[in-house]
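1. one predicted model, sequence on top.
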Amino acid sequence: MVGTSAQEAEPRHGGDGLRRTLGFRDLVVYGLLFIAPMAPVGVFGTLDAKSHGAVALVYVVATVAMAFTAFSYAQMVRVAPQAGSVFAYARKGLGEGPGFVAGWMATLDYVLIPAVAYLFAGIAMEALVPSVNRWVWTALAVVITTLLNLWGVRAAARVGLAVLAMEIAVLGVFVVSAVVVLVRDGARRGWLSPLTGDAGFSMAAVLGAVSVAVLSYLGFDAIASFAEEAVGGSARVARALLFCLALAGVLFVAQTYLVALLEPVPSARLAAEPGRQGSAFYDAVQASVGGWLHDLVATSKAIGAAFAALAGQAAAGRLLFAMARDRRLSRVLARTDGGVPRVALGVAAVVTLVAAVWAARRDDGMDHLVSVVNIGALTAFVLLHASVVGWFAVRRGGAGQPPHWLKHVVLPVVGGAILMAVIAEAATSALVVGSLWLAVGLVVLAVQWGRRGHSG
């Protein structure tokens, strides 16, 4: 728990033009929109193949791993209730250099994860309207949601609530339909296979799949980036973080367990035929339930993915805004207009548009985007855990208070160790791209330090 001085330091209104307009419901809407209740749809086949069929267990492990991360976020958002999220936390707990590195690595998550979501939307729409290329749908989704974000965070949250209600309703229809089919016809695989695998259990395979499954959770942490715009302060933001992660974990485990039981294709065959992986969820639904549910899920995924990108784009704008406000990026990104960081949002939108359309025009575009996004987020999360230890145990909360050893040392250390194990199992290409991006960030940091030393 943070000392009183940290909480008293919270401004009544967001700094540098940001306005406090978001309630608990709005925060939850943004978090769930970014996560997307049916996020596993797009990666189910890949996870099933990688984990040897233990796809539900993958989400159990991923939820536990992310729970440690969510808890560390909840600790640090009370210390630094600022728009920069992990950038602000690492600066507080570790210092200026690690703070910049955390923010730099997080940009791969916040700026490019919307591109992945937009691409999901484009793929789903192309499945419904094959005559229009996926890149057209992808670009259209970027334009529509960017306009909503420029309108304002509150307006976007209202529209997002309606989209979220639609997604949850479709998920409910899927669950009921799947249960009816399983009761009537039985399971295609063993009832425990989604937890134990259908081709032998391998913990290494499960951890390798977790490094991909993390993609489904990226977004709950975006709630922290709205700390300066939340009514009720950091405590409400922390509760929204934990609530979103817990709900997402339950939804992800339930739907992947059910669809794995309906999946007629063995995981080994999915691994041998990668072309089947992207549509595995849709194919299992169509084969077991019917084409009507296939179309319903595809439509929901198209709309839901676009609005997941909306929430991600909003968070990206806040991260760029915060880094610019602290003179780590161009100051022009720190401008606000009517309480909205429109310049930062516009830059994030342009980068997202270029990346999403590029990926939509390539067969391997999704693989490239996912590998880049995950490694950036996981590295930033490791620095987040280190920030908790640094602030509470090393700096003693900035006021000499003794740390709570379980909350401020044991849990973040365990959380960081889990994430490092997941990073170690990540694809080689992801590690290479992440290392290159980190190297560029260190060069930028060195240049900034050099300029400051010279000016001093």
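-> That came in fine, so what should we check first?
2. going by C-alpha atoms from here, please, whenever you check contacts or count neighbours.
-> Fine.
3. quick check: which ranges of the stretch 301-450 of the chain have low pLDDT?
-> For the stretch 301-450 of the chain, the stretches flagged by pLDDT under 70 are 338-339, 363-368, 370-372, 397-401, 427.
4. residue boundaries of the helices in it?
-> 342-360, 365-388, 405, 411-424, 428-455 (DSSP state H, counting those that start in this stretch).
5. state the number of residues packed around Val129.
-> By other C-alpha atoms under 10 Å, the residues close to Val129 number 12.
6. ok, now Gly200?
-> 11.
7. contacting residues for the nearest residue to it once chain neighbours are set aside?
-> Closest residue in space to Gly200, ignoring its immediate chain neighbours: His52 at 6.9 Å, by C-alpha to C-alpha, 6 or more residues apart in numbering. By C-alpha atoms under 8 Å, 6 or more residues apart in numbering, His52 lies in contact with 197-202, 205-206, 267-268.
8. and His52, which of the three is it?
-> The three-state label given to His52 by DSSP: H, G, I helix; E, B strand; the rest coil is coil.
9. the host helix or strand of Thr256 packs against which elements?
-> Assessed by DSSP states H and E, Thr256 sits inside helix 234-262. With contacts taken as 3 or more C-alpha pairs under 8 Å, 6 or more residues apart in numbering; DSSP states H and E, helix 234-262 sits against helix 24-35, helix 40-50, helix 55-79, helix 153-185, helix 193-196, helix 280-288.
10. what do you get if the cut-off is 6 Å, keeping everything else the same?
-> helix 55-79 (3 or more C-alpha pairs under 6 Å, 6 or more residues apart in numbering; DSSP states H and E).
11. once you drop chain neighbours, what's closest to Phe201?
-> Nearest one to Phe201, counting by C-alpha to C-alpha, 6+ apart, is His52 at 7.1 Å.
12. from Arg269, how far out is that neighbour?
-> Going from His52 to Arg269 by C-alpha to C-alpha, to the nearest Å gives 10 Å.
13. same thing with Gly312?
-> 34 Å.
14. more crowded one of the two?
-> Neighbours were counted for Gly312 and for Arg269 using other C-alpha under 10 Å; Gly312 has more, 31 against 13.
15. Phe321 contacts Arg331, doesn't it?
-> No. At 8.5 Å, Phe321 and Arg331 do not qualify as touching, with contact defined as C-alpha atoms under 6 Å.
16. let me see the mean pLDDT of stretch 196-204.
-> Across stretch 196-204, pLDDT averages out at 85.
17. now swap in stretch 214-231 and tell me
-> Mean pLDDT, computed over stretch 214-231, is 70.
18. pull up the distance across it, start to finish.
-> Stretch 214-231: ends 29 Å apart by C-alpha to C-alpha.
19. same check, this time on stretch 81-101
-> Start and end residues of stretch 81-101 are separated by 19 Å (C-alpha to C-alpha).
20. buried set for it?
-> Residues of stretch 81-101 classed as buried: 81-94, 96, 98-101 (neighbour count, 16 or more other C-alpha atoms under 10 Å).
21. do you know how far the spatially closest residue to Ile303 that is not a sequence neighbour is from Met203?
-> Computed as C-alpha to C-alpha, 6+ apart, the closest residue to Ile303 that is not its neighbour in sequence is Ala121, at 6.6 Å. Ala121 is 32 Å from Met203, where distance means C-alpha to C-alpha.
22. ok, Gly249 touching Thr63?
-> Yes. With contact defined as C-alpha under 6 Å, Gly249 counts as touching Thr63 (5.5 Å).
23. pick out whichever of the two has more residues nearby.
-> The neighbour count for Gly249 versus Thr63, taken as other C-alpha under 10 Å, is higher for Thr63 (24 against 21).
24. wouldn't the more buried one be in contact with Ala248 here?
-> No. Contact between Thr63 and Ala248 fails when scored by C-alpha under 6 Å: they sit 8.3 Å apart.
25. in contact with the residue nearest to Ile303, which residues?
-> Applying C-alpha atoms under 6 Å, 6 or more residues apart in numbering, we find Ala121 in contact with 302, 305-306.
26. what secondary structure does it sit in?
-> Per three-state DSSP, the secondary structure class of Ala121 is helix.
27. ok, now how distant is it from Leu147?
-> 17 Å.
28. check Gln448 too.
-> Separation of Gln448 from Leu147 (C-alpha to C-alpha) stands at 34 Å.
29. what's the answer for Ser300, then?
-> Taking C-alpha to C-alpha as the measure, Ser300 falls 21 Å from Leu147.
30. more crowded one of these two?
-> A direct count of neighbours by other C-alpha under 10 Å for Ser300 and Leu147 places Ser300 higher, at 23 against 15.
31. how many neighbours does the residue nearest to that one when sequence neighbours are not counted have?
-> Spatially, and ignoring its direct neighbours in sequence, Ser300 is nearest to Glu167 (5.9 Å; C-alpha to C-alpha, 6+ apart). By other C-alpha under 10 Å, the residues close to Glu167 number 23.
32. what's the distance between Glu167 and Leu161?
-> Distance from Glu167 to Leu161, by C-alpha to C-alpha: 10 Å.
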